[in-house]
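Asker: below is the sequence, then the predicted model.
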Amino acid sequence: MAGRRRRSISAKVTDAEYARLVAQAGDRTISEWLRTIALEAVARPRLELLVLDVRADLRALRTILLNLQYATNRGERLTADAMQELINRADHDKVSYADKPATSTTPRRES
C-alpha cells in the first residue's frame, strides 16, 4: 500500500447525480470509484497532449506525402528547394494542427 489515506475531498451532489454515481461505481464503493476516476483524470492531460502532438506530426507527414504523390502523378520532379519548402510548410502547419483536435475522420484534400 502506498500509504495511509489522510486527506478527504468532498462535493455536494443532487439525488439524481448521486444515483448516477452509484450506478457508475458498480460493485465498488463510491469512494473507491471516485478516487480512481479522479486520479486517472489527473494523469490524462499529459496523455492527451502527447496524442495531439503525435496527431499533428501525422497530419504534417500526410501533407508531405499527398503533395509528393500529387507531383509524382503529374510527372513532376521536386527540386531540393521545393521539397524543403514543403517540409517547412508542413512544420509550420503542425503548430495549428496540435492546437485543434480532429473533428472528423473524413479525409481532406491538402494542397
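Answerer: Now that the structure is in, tell me what you want to look at.
Asker: who does the helix or strand of the chain with the lowest mean pLDDT touch, helix- and strand-wise?
Answerer: Every helix and strand of the chain was ranked by mean pLDDT, DSSP states H and E. The lowest is helix 80-99, at a mean of 83. Using 3 or more CB pairs under 8 Å, 6 or more residues apart in numbering; DSSP states H and E, the elements in contact with helix 80-99 are helix 30-73. Just so you know, the C-beta spots here come from the backbone N, C-alpha and C atoms, and that holds for glycine as well.
Asker: tell me the gap between the helix it packs on and the middle of its chain.
Answerer: 3 Å (CA atoms, centre = their mean, to the nearest Å).
Asker: for the residue of the chain most remote from its centre, what is the enclosing helix or strand?
Answerer: Computed with CA atoms, centre = their mean, the residue of the chain farthest from its C-alpha average is residue 75, at 36.8 Å. Following DSSP states H and E, there is no helix or strand that holds residue 75.
Asker: three-state assignment of residue 7?
Answerer: Here residue 7 is recorded as coil under DSSP: H, G, I helix; E, B strand; the rest coil.
Asker: mind showing which ranges of this protein have poor pLDDT?
Answerer: 1-2, 97-111 (pLDDT under 70).
Asker: and with 50 instead?
Answerer: 104-111 (pLDDT under 50).
Asker: would you check how far apart the residue farthest from the centre of the chain and residue 96 are?
Answerer: According to CB to CB, to the nearest Å, residue 75 and residue 96 sit 32 Å apart.
Asker: coming back round to it: CA atoms of the least confident helix or strand of the chain as CSV?
Answerer: C-alpha atoms of helix 80-99 as CSV (Å, rounded to 0.1, in the frame of the first residue of the first chain):
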residue,chain,number,x,y,z
ALA,A,80,15.6,20.1,-53.2
ASP,A,81,14.3,23.7,-52.6
ALA,A,82,10.7,22.7,-53.4
MET,A,83,11.0,19.7,-51.1
GLN,A,84,12.4,21.9,-48.3
GLU,A,85,9.5,24.4,-48.8
LEU,A,86,7.0,21.5,-48.5
ILE,A,87,8.7,20.4,-45.3
ASN,A,88,8.8,23.9,-43.9
ARG,A,89,5.1,24.4,-44.7
ALA,A,90,4.1,21.1,-43.0
ASP,A,91,6.2,22.0,-39.9
HIS,A,92,4.5,25.4,-39.8
ASP,A,93,1.1,24.0,-40.2
LYS,A,94,1.9,21.4,-37.4
VAL,A,95,1.6,24.1,-34.8
SER,A,96,-2.0,24.8,-35.7
TYR,A,97,-2.8,21.1,-36.0
ALA,A,98,-1.6,20.5,-32.4
ASP,A,99,-4.0,23.1,-31.1
